[in-house]
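Asks: how would this look folded up:
(chains A and B)
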Protein chains: 2
Amino acid sequence: MRWDEGFIAVDWGTTNRRAYRLDEAGRCAGEFEDSKGILSFPDGNFASAIAEIRERLGDLPLLLAGMIGSNRGWKEAPYVPCPAGLDDLVKALVWVGEREAIVPGVSYIGNGRADVMRGEEVQVLGAVAARLVGRDAMICHPGTHNKWVQLRSGAIHNFGTVMTGELFSLLKSHSILADLLGGKVEPNEAFRNGARRALERGMLPAQLFGVRAGVLLGQMQIEDAASYTSGLLIGTDVGIGMTWPLSAQIAIMGRPELTRLYAAAVEIAGRETIEIDGEQSFLAGIHEIAKRIS
Amino acid sequence: MRWDEGFIAVDWGTTNRRAYRLDEAGRCAGEFEDSKGILSFPDGNFASAIAEIRERLGDLPLLLAGMIGSNRGWKEAPYVPCPAGLDDLVKALVWVGEREAIVPGVSYIGNGRADVMRGEEVQVLGAVAARLVGRDAMICHPGTHNKWVQLRSGAIHNFGTVMTGELFSLLKSHSILADLLGGKVEPNEAFRNGARRALERGMLPAQLFGVRAGVLLGQMQIEDAASYTSGLLIGTDVGIGMTWPLSAQIAIMGRPELTRLYAAAVEIAGRETIEIDGEQSFLAGIHEIAKRIS
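Replies: Sure thing, here's the model as predicted:
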């Protein structure tokens, strides 16, 4: 088995997946993305999915990260406890076949809290390997569940998950606010107002009802409701982030439509931000892992 | 038209309604409850629903409160702004026919906030009329949307709505926590732990994800998840209530399965509670309104 002649990396989430062919230098030589997340395989027939990936990208070894290692995935890869660096992930790789390994997630237990991540660890540690952030840094990783990740000496020292994206989605799809939240979310004045309010902390479930009341009583334009509500949720999230022992600078990693919202809220909270490319970080992290297998 | 010979009162909500026949002394002489809330009449044919109520309870004048006065109800009854007492409600009654009046809701605009209620105002002001609370009091009225109501000189001076019940329902029905929240919610040690955590304030969307991580990592029993999560939400709600200028005693009004949970959380927050019967309060309030029409 030769990993140093190139391999396939898959970032396999709950509802989508991204597959890359990496050459021996870690450069991307082919890729695709689709919506075949692990929930698309209720029968657990991942072997045929893997064969299909190889048909598209080449008959190469595979490194799989994300929810594919969960108890609903191909084979469960137990969480590696914090502090967790790249070497810890490599030691805990779970091999399904001789040429297919699953990267474990990371867990934290302490201070009366418990937390888990799967997939973000490759990106976060990859960002360090690619020198996009320093070895002691605070990363904000928005998504369905935002992660605040504290790096120390190049390892994941601690982290906290905030259900921001999922809460917005629940409110938009199923709540009394549903018919108010159809608009596009922008980091505009309505968003900033929401974020400023939420940074006062602790009032979120009251402030959310205030959106409906505000529209009913003509105090809020319906066009502003989605951005304002997003501001409330992301402002609450950033308020939680600010309780961590922070470096002066927060590195925000993820899709630009989310990172620019978080950057706006973090700046209202008085911190400097840098934005980091999540895909570049993933490729750097997964290449580092592959190098250590070879 | 004679209201002093008895009348029918309906507390007509979004998803259910309760109808009462009151005699001339305000005593309940017949009643029924069903699930024909205003959403059961998408065609807006409330006239036949009214006829059916009279068939069951008698050919009497009707006083209707709750969402029946909303823009999705029979006829919109504009909100009465705070401060609002019983006389203000009577002045703003909306008459559909000569024998059918709708009680308006109450609104608050101020301090950069906007809020609305429909239905609770009759109960809250009825509790004062029935001397179940004093004329200067703080009432907590749990439900889908909890209301914190500040009474001054017997009128609704200010109030705030918290989306607690709806958030629990969204999480239970549609979220990543759904399969953890099927258990019965009790004011047990798990509930109290959640409430204590939440009273530290501002961490709710992180603490919610912690339920899932806690179960995954064996730090929380799945049987405790529903009560703990309810404790997080109600504790957050009570934390919001504690930001009001409070009297020493909080009067909690509503269904016993909810009031006992709120009472547990309010007591953790260091305040004394009394519990008030919501139905008795509604009947007292609606009778006071009828007396002022006659």
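Asks: can you pull out the helices in the stretch 1-150 of chain A?
Replies: A:46-57, A:86-91, A:120-129 (DSSP state H, counting those that start in this stretch).
Asks: wait, which of those helices is closest to chain B?
Replies: helix A:120-129 (13.1 Å; CB to the nearest CB). C-beta: built from backbone N, CA, C; applies to glycine.
Asks: That closest one packs against which elements?
Replies: Applying 3 or more CB pairs under 8 Å, 6 or more residues apart in numbering or on different chains; DSSP states H and E, one finds that helix A:120-129 contacts helix A:86-91, strand A:137-141, strand A:146-152, strand A:155-162, strand A:249-254, helix A:278-293.
Asks: Tell me the buried residues in the lengthiest helix in chain A?
Replies: Scanning chain A for the helix with the most residues, using DSSP state H, yields helix A:222-241. By neighbour count on 16 or more other CB atoms under 10 Å in any protein chain shown, the buried set for helix A:222-241 is A:224-241.
Asks: Could you do stretch A:175-184 as well?
Replies: Applying 16+ other CB under 10 Å to stretch A:175-184 flags A:S175, A:I176, A:L177, A:L180, A:L181, A:G183 as buried.
Asks: looking at it, the last one is touching A:Y228, isn't it?
Replies: No: when contacts are counted by CB atoms under 8 Å, A:G183 is not listed as touching A:Y228 (9.8 Å).
Asks: The residue lying farthest from the centre of chain A and chain B: what is the separation?
Replies: Within chain A, the residue lying farthest from the chain centre (CA atoms, centre = their mean) is A:L217, at 37.6 Å. Counting by CB to the nearest CB, to the nearest Å, the gap from A:L217 to chain B is 5 Å.
Asks: dump the residue contacts of that residue.
Replies: B:Y79, B:S107, B:I109, B:A114, B:V116 (CB atoms under 8 Å, 6 or more residues apart in numbering or on different chains).
Asks: ok, now with 6 Å
Replies: The contact partners of A:L217, by CB atoms under 6 Å, 6 or more residues apart in numbering or on different chains, come to B:S107, B:I109, B:A114.
Asks: can you narrow these to ones near chain A?
Replies: B:S107, B:I109, B:A114 (CB under 6 Å from any CB of the partner chain).
Asks: okay, the closest residue in space to A:F282 that isn't next to it in sequence: pLDDT?
Replies: Leaving aside its sequence neighbours, A:F282 sits nearest to A:Q123 (CB to CB, 6 or more residues apart in numbering or on different chains; 4.8 Å). The model reports A:Q123 with a pLDDT of 97.
Asks: again, but for A:A77
Replies: 98.
Asks: quick one: contacts for it?
Replies: Residues near A:A77 by CB under 6 Å, 6+ apart: A:G69, A:V94, A:I102, A:P104.
Asks: Looking at those residues, which are in strands?
Replies: Under the assignment DSSP state E, those contribute A:V94, A:I102 to strands.
Asks: could you redo the contacts of A:A77 as CSV and give each row distance to chain B and pLDDT?
Replies: Shown next, in CSV, are the contacts of A:A77 (distance: CB to the nearest CB, whole Å; pLDDT from 0 to 100):
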residue, distance to chain B, pLDDT
A:G69, 13, 97
A:V94, 16, 98
A:I102, 17, 98
A:P104, 13, 98
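Asks: Out of the contacts of A:A77, flag the one nearest to B:N146.
Replies: The nearest member of the contacts of A:A77 to B:N146, counting by CB to CB, is A:G69 at 40.3 Å.
Asks: Run a quick neighbour tally on that closest one.
Replies: Neighbourhood size, A:G69 [other CB atoms under 10 Å in any protein chain shown]: 27.
Asks: leaving aside the residues next to it on the chain, what's closest to it?
Replies: Excluding the flanking residues, the one nearest A:G69 by CB to CB, 6+ apart is A:A77, at 3.5 Å.
Asks: How about the residues of the stretch 51-200 of chain A by chain B?
Replies: Counting by CB under 6 Å from any CB, the stretch 51-200 of chain A comes close to chain B at A:107, A:109, A:113-116, A:160-164, A:167, A:170, A:174-175.
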